[in-house]
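In: next one to model:
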Amino acid sequence: MDNCSRTPFIAAVHPRTGQVTDVVDVTRLTCDHVRGPLTCLNGIAALPEPGHFLLTGKQWPYMYRVRFTAEPG
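Out: This is a model prediction of the structure:
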């Protein structure tokens, strides 16, 4: 049985209010690089540099270092 939510989004949550402040679509990462029923994104770790994170998932062969930035406008 597959426990993945199948939702390719990461939500940023304000630490004091609990409000969702942003949503990041990681579809390209999960679809282009990883295949299979048990390969969902399930690991997110913040790094010391602001906006930098490590992403990984079930049965992923790699860990990805990403940087989230705001889109202009």
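
In: what's the helix or strand for L29?
Out: helix 27-32 (DSSP states H and E).

In: now the element after that helix, going C-ward?
Out: As assigned by DSSP H and E, the chain's next helix or strand after helix 27-32 is strand 41-46.

In: ranking helices and strands of the chain by mean pLDDT, which lands last?
Out: helix 27-32 (a mean of 68; mean pLDDT, DSSP states H and E).

In: next, count neighbours for the nearest residue to H52 once chain neighbours are set aside.
Out: The shortest distance from H52 to any non-neighbouring residue, by Cβ to Cβ, 6 or more residues apart in numbering, is to R67 (5.2 Å). For every residue, glycine as well, the C-beta is placed using N, CA and C. The number of residues packed near R67 is 10, by other Cβ atoms under 10 Å.

In: now R67: phi and psi?
Out: Recorded main-chain torsions at R67 are phi -130, psi 120, according to degrees, to the nearest 10.

In: what residue is smack in the middle of this structure?
Out: Geometric centre of the chain, nearest residue: I10, 4.8 Å, by Cα atoms, centre = their mean.

In: who does it bridge with?
Out: V24 (DSSP bridges).

In: is it in contact with V23, as I believe?
Out: Yes. With contact defined as Cβ atoms under 8 Å, I10 reaches V23; the gap is 7.2 Å.

In: per-residue confidence for V66?
Out: pLDDT for V66: 91.

In: got the CA positions of the strand or helix carrying it in CSV?
Out: Per DSSP H and E: V66 is located in strand 64-67. Extracted C-alpha coordinates of strand 64-67, given in CSV (Å, rounded to 0.1, in the frame of the first residue of the first chain):
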residue,chain,number,x,y,z
TYR,A,64,18.6,17.6,-3.8
ARG,A,65,19.8,20.9,-2.4
VAL,A,66,17.4,23.6,-3.5
ARG,A,67,17.0,27.3,-2.9
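
In: what comes up buried for stretch 15-27?
Out: Buried residues in stretch 15-27, counted by 16 or more other Cβ atoms under 10 Å: V26.

In: so how far is the first residue of that stretch from its last?
Out: End-to-end distance of stretch 15-27 (Cα to Cα, to the nearest Å): 25 Å.
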